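J.: heads up, no residue letters with this:
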C-alpha cells in the first residue's frame, strides 16, 4: 500500500537554528498538508499546498514557517529560527482529492528544540 | 472556530465493546472522520461518514452520527488488545476547505 514517508523520524535542534522536515507524499496525490501535535494537545493544521502554492494556512503558520515542493517528489517544511515551543510531532499528509477519505498521513517527525 | 472534543482515556476489557465519543461545534461539518494512531506510527484513517448519514458499519466498527447534537461515536465490537491505540475524531467542512480539524484523541487501553 502506498505510504507517505517522513524523514528524519526524530530531530533535535538548538533554539534559533533552522530545520527542514522532509516528506515524500504518495506519487499521484495532488494535495499536501502539514500538521503538528504538541505533546498532550490536539493535532493542529498548519498548511495545505496545491498546484505549487499554499492554498490554506492556520494562524500557527507565521513568517517563521515555509513550505516547498522543490522537485516532483519531496514536500518540505522549514522553520527558520526554532523556538522551544516548536517542539512537537510534525505530520505530513497527502490526498488525491480535496475532501473525503483520501488523506494519508506519514509517521511523523518528532522535533525537539533545546 | 471549529472545535472537536473527546474524552482522553477509555479502558475496556478484551472482548467487550468500546464506545469512543466525540462532540464538534461546526454545524456545517460535511465529513466526520475517525483516525487511529498506534505507538510510533502516523494517523491511519479508520472510517468516515458524510453528514447526511446517521450510521455507518464496517466489520467491527460502527459509527453513529447525531447531527442535531453534533455528536459522533465510534463503537468497536469485540475489542482486542491490538485495538489499543489513540483514536482521533476529526471534522471537515466546506468553509475550511474540508481540511480535517482534529480532537485531542482518546487513548483506548484494552486489558485482558
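T.: Okay, I see it. Just so it is clear, the structure is predicted and the values come from calculations on it, not from any experiment.

J.: so who does the nearest residue to residue B:104 once chain neighbours are set aside touch?
T.: Leaving aside its sequence neighbours, residue B:104 sits nearest to residue A:42 (C-beta to C-beta, 6 or more residues apart in numbering or on different chains; 4.9 Å). Placement of C-beta: from N, CA and C, glycine included. If a contact means C-beta atoms under 8 Å, 6 or more residues apart in numbering or on different chains, then residue A:42 has B:4, B:102, B:103, B:104, B:105 as its contacts.

J.: quick check: closest non-adjacent residue to residue B:94.
T.: Nearest to residue B:94 is residue B:30, by C-beta to C-beta, 6+ apart, at 6.1 Å.

J.: sheet partners, orientation included, of the helix or strand hosting the one you found?
T.: Residue B:30 belongs to strand B:29-37 when assigned by DSSP states H and E. Sheet pairing for strand B:29-37, assigned by DSSP bridges, gives strand B:43-50 (antiparallel), strand B:85-93 (antiparallel).

J.: spell out which parts of chain A neighbour chain B.
T.: Proximity of chain A to chain B (C-beta under 8 Å from any C-beta of the partner chain) is limited to residues A:4, A:6, A:33, A:35, A:40-45, A:48, A:55-56, A:91, A:93, A:98-101, A:103-108.

J.: which among these end up buried?
T.: A:4, A:6, A:33, A:35, A:42-45, A:48, A:56, A:91, A:93, A:98-100, A:103-108 (16 or more other C-beta atoms under 10 Å in any protein chain shown).

J.: quick one on the thing from earlier: what sits up against the strand holding residue B:30?
T.: By C-beta under 8 Å, 6+ apart, strand B:29-37 touches A:99-101, A:105, B:2, B:20, B:24, B:43-51, B:61, B:63, B:65, B:70, B:72, B:74, B:85-94, B:98, B:100, B:102, B:105.

J.: equivalent analysis for stretch A:76-87, please.
T.: Stretch A:76-87 is contacted from outside by A:13-23, A:34, A:38-39, A:46-47, A:63-70, A:90, A:92, A:111-114, using C-beta under 8 Å, 6+ apart.

J.: among those, which are located in strands?
T.: Among the contacts of stretch A:76-87, the ones falling in strands (DSSP state E) are A:13, A:19-23, A:34, A:46-47, A:65-68, A:90, A:92, A:111-113.

J.: mean confidence for stretch B:64-79?
T.: Taken as a whole, stretch B:64-79 has a mean pLDDT of 96.

J.: one more: stretch A:103-114?
T.: Mean predicted confidence for stretch A:103-114 is 94.

J.: quick one: low-confidence ranges for chain B?
T.: B:1-2 (pLDDT under 70).

J.: please list the residues of it that sit near chain A.
T.: B:4, B:30-31, B:33, B:35, B:40-45, B:47-48, B:88, B:90, B:92, B:96-105.

J.: in PyMOL, select just the buried ones from those residues.
T.: Burial among those is assessed by 16+ other C-beta under 10 Å; the matching PyMOL selection reads:
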select buried, chain B and resi 4+30+31+33+35+42+43+45+47+48+88+90+92+96+98+99+100+101+102+103+104+105
